[in-house]
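Asks: let me see the structure of the following:
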Amino acid sequence: MNAEIEFYSRVDASEVVAAWIERMAAAYGDDSPAQWDYDAIYALRAEAFGDGPEPPTPAASNVVPFRPLRFDRVAHCQTIAAGGGLTTFAKYGRAHYSALGKAGRAATVAAHGEGYWRGLRAVKRWRAAPRPSPALARAVGEYLADAA
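Replies: Below you'll find the predicted structure:
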């Protein structure tokens with residue numbers, strides 16, 4: 001189907017060009033190009049190819065042009081990572097991340113040693129998860145009981 005459309009579009013274009021050549025021959029015959037009236041030639045071309053007069057240039061708009069903000073790849077990637085992390089947490093829970101952390105620590109210590117791991121934690125300011133205190137839980141429970 002596409003080949004047929006292309007064929008007929010070439011036929012149409014060749015017919016337009018042929019009509020233009022015939023009009024040029026009828027208008028100028030064997031005259032030299034120096035004797036041609038180029039304004040008339042452009043009029044014939046416009047008639048043959050269906051070109052109309054050139055539209056007037058539109059007036060400048062009174063709108064401030066839109067200037068897009070620079071793309072911040074870091075913020076973009078952080079947003080995607082946060083969404084993925086929350087989705088993973090919702091699907092697999094805290095135990096999944098705990099297992100990942102333990103496996104990552106074991107791999108780092110095996111590859112670089114315990115000192116490297118401690119230095120890495122200090123530089124990254126990673127703190128161990130706080131352990132629940134039974135005494136604190138009991139004190140908070142008593143406080144809430146007294147407040148009620």
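Asks: at the geometric centre of this structure, which residue sits there?
Replies: Phe71 (9.6 Å; C-alpha atoms, centre = their mean).
Asks: tell me the pLDDT at that one?
Replies: With respect to pLDDT, Phe71 scores 84.
Asks: who are the packing partners of the longest helix along the chain?
Replies: Ranked by number of residues, the top helix in the chain under DSSP state H is helix 2-28. Contact partners of helix 2-28 among helices and strands, from 3 or more C-beta pairs under 8 Å, 6 or more residues apart in numbering; DSSP states H and E: helix 38-49. C-beta: built from backbone N, CA, C; applies to glycine.
Asks: helix/strand/coil for the residue nearest to the centre of the chain?
Replies: For Phe71, the assignment made with DSSP: H, G, I helix; E, B strand; the rest coil gives coil.
Asks: distance of it from Cys77?
Replies: Remark: distance between Phe71 and Cys77 (C-beta to C-beta, to the nearest Å) = 11 Å.
Asks: tell me which helix or strand in the protein has the weakest average pLDDT.
Replies: None of the helices or strands of the chain scores lower by mean pLDDT, DSSP states H and E than helix 38-49, at a mean of 70.
Asks: downstream of that helix, the next helix or strand is which one?
Replies: For helix 38-49, the succeeding helix or strand toward the C-terminus, using DSSP states H and E, is helix 73-92.
Asks: helix or strand right after that following helix?
Replies: Next helix or strand after helix 73-92 toward the C-terminus (DSSP H and E): helix 94-112.
Asks: tilt between that next one and helix 73-92?
Replies: For helix 94-112 against helix 73-92, the angle by axes from the mean of the first three to the mean of the last three C-alpha atoms, to 10 degrees is 120 degrees.
Asks: next, report how far helix 94-112 is displaced from the centre of its chain.
Replies: The chain centroid and the centroid of helix 94-112 are separated by 35 Å under C-alpha atoms, centre = their mean, to the nearest Å.
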